[in-house]
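In: based on what follows, work out the 3D shape:
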Amino acid sequence: MTQKIVSYGLDRNMRSILDDSVDVYEHCPKPLHEAPQSILDQTDIAVTLVFSDINPDVCTRVNCDGIISLGAGVDHINIEACSERDITVCNTPHYGSRTVAEHTFALLLSFERHLNAIENKELGFDRSRYLSQQLSGKTFGAVGTGGIGKAAVRIAQGFNMETIGYDVDKSQSLVDDEAFTYVSKHDVFSKSDYVGLYVPAVPGTEKTVDKKAVQGMRDDAILINTARAAVIEHQAVYNALENNDLRGALLDVVDEDYEERFFNHDKSMVTPHHAFYTEQALQNMVEQAKEAIQSLRQGDQPRTTLN
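Out: Sure thing, here's the model as predicted:
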C-alpha cells in the first residue's frame, strides 16, 4: 500500500509547490505538535517546518516512517526521541544559500536608503530628509562562513566592501581568497560596519551575540540576523539600540517575547522569518523532500537522513 504523505503547518504557496511534486494525502493546517490524533494516525510520512515542535511527547503520538523538515535547521526536532521510535528524520539543507544571503542585503539597503520611510511617506517626499549611506568601502563581517555566510561574503564583495569573518570551521575557498580575512570573534564584532549572522542554532551557538559581543561593536554598526533567534541575546541588542550604542538591528528572526519591541523601534527592521521564502528556494526544498520520500517508500535511507 502506498504510504500516506501528510503536510503539517505549510502555507498555501508551500502546499501548492508540494502538490505539484508528490501525491499528498492531506494538508493539516496546524504544526505537527498541535495536530489532532486522527490525522497523526493516518500519517506515514510527515512533511513539516521548523514551527513544529517535535519533542518526546509528540514522538509517542506519532507512528510514522519518516519526518521531513523543510529547511536546514533541526533545532525543533528531538532526534534521539525519533530514533527511539524508529522514525527517520530528514531535512532539506541545500535549498537556498544565495536566497538567504540576498535577504541580508535587501534589509541592509532598505535600512541604509530609508526605503520603508520613503515608501510610507513618513517624512514627506523631500529627499533632504533621507540622507543615506553607500555600502562600498564599508566593512562587512560574517559570523559563520558556511554556505549562506560564504554567499553573503561574495555579495558584499560585489558591493566593493571589505570582507572579514569568524568561524571555528574555516572555509578553504575563503582562506584562499585574498579579498577576505578570517579574524577573531572579538575583531569581527569590533571592526565591522555591518555584522551578518549565519550560524545554526545548535549547542554552543546560543547567544553568540551576547552582551559582551554587543558592547564590543561600534556605536555606528548594524547587526543583521537571518539565522535563528536563539543566537542573539535580545535584551542586550535592544538595550544597545535604546542607548545609541548600536545604529541598527535588522532581524529576520526574533524571539516572540521581543517581537513587538523590535518591530516598533525606529532603529530596527523586522521581517517574518522571510529570508528563505522565494519561489526558487521552496522548489529546491520540495525537490529534496521528494527525493527523501522516494527513498523512504523504497525502504532506503534518504541522503539527508539525520539519525
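
In: residue closest to the middle of this protein?
Out: The residue lying closest to the centre of the chain (CA atoms, centre = their mean) is A227, at 3.9 Å.

In: helix, strand or coil for it?
Out: A227 falls in the coil class when you classify it by DSSP: H, G, I helix; E, B strand; the rest coil.

In: can you pull the pLDDT of it?
Out: Turning to A227, the model gives it a pLDDT of 93.

In: the closest residue to it other than its chain neighbours: how many residues sit nearby?
Out: Closest residue in space to A227, ignoring its immediate chain neighbours: L197 at 4.5 Å, by CB to CB, 6 or more residues apart in numbering. Where C-beta positions appear, they are placed from N, C-alpha and C, glycine not excepted. By other CB atoms under 10 Å, 26 other residues sit near L197.

In: and the gap between L197 and T104?
Out: To T104, L197 is 9 Å away according to CB to CB, to the nearest Å.

In: quick check: neighbours shared by those two?
Out: 224, 226 (CB atoms under 8 Å, 6 or more residues apart in numbering).

In: domains of the protein?
Out: When the chain is parsed with automatic domain parsing, its domains come out as 5-95+278-297, 97-270.

In: ok, the residue nearest to R218 when sequence neighbours are not counted to A213 distance?
Out: In this structure, R218 finds its nearest non-sequential neighbour in S190, 7.0 Å apart by CB to CB, 6+ apart. Separation of S190 from A213 (CB to CB): 9 Å.

In: more neighbours, those two?
Out: Just comparing S190 and A213: by other CB under 10 Å the higher neighbour count belongs to A213, 22 against 17.

In: now the helices: where do they sit in the stretch 201-307 of the chain?
Out: Using DSSP state H, counting those that start in this stretch, the helices of the stretch 201-307 of the chain run over residues 211-215, 234-242, 259-263, 279-297.

In: which residues does the longest one contact?
Out: For helix 279-297, the surrounding residues in contact (CB under 8 Å, 6+ apart) are 2-3, 5, 13-14, 17-18, 20-22, 45, 47, 65-66, 68, 70-71, 88, 90, 92-96, 99-100, 301-305.

In: filter those residues to the buried ones?
Out: 5, 14, 17-18, 22, 45, 47, 65-66, 68, 70-71, 88, 90, 92-93, 95-96, 99-100, 302, 304 (16 or more other CB atoms under 10 Å).

In: just the ones of those residues in strands?
Out: 5, 45, 47, 66, 68, 88, 90 (DSSP state E).

In: from those residues, which two are the most distant?
Out: I5 and T88 (13.7 Å; CB to CB).

In: how about the secondary structure of the residue nearest to M161 when sequence neighbours are not counted?
Out: Closest residue to M161 apart from its sequence neighbours, by CB to CB, 6+ apart: F140 at 4.6 Å. Per three-state DSSP, the secondary structure class of F140 is strand.

In: mind listing what F140 touches?
Out: F140 neighbours (CB under 8 Å, 6+ apart): 152-153, 156, 161-164, 192-194, 196.

In: make it 10 Å
Out: Counting by CB atoms under 10 Å, 6 or more residues apart in numbering, F140 makes contact with 104-105, 108, 152-153, 155-157, 159, 161-165, 180, 188, 192-196, 224.

In: next one: S97
Out: 72, 146-152, 198, 276, 281.

In: redo these as CSV? Include secondary structure, neighbour count and pLDDT.
Out: Shown next, in CSV, are these (DSSP: H, G, I helix; E, B strand; the rest coil; neighbours: other CB atoms under 10 Å; pLDDT from 0 to 100):
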residue, secondary structure, neighbour count, pLDDT
A72, coil, 21, 85
G146, coil, 17, 91
G147, helix, 19, 91
I148, helix, 28, 94
G149, helix, 26, 95
K150, helix, 22, 95
A151, helix, 21, 95
A152, helix, 30, 97
Y198, coil, 27, 96
F276, coil, 23, 93
A281, helix, 20, 94
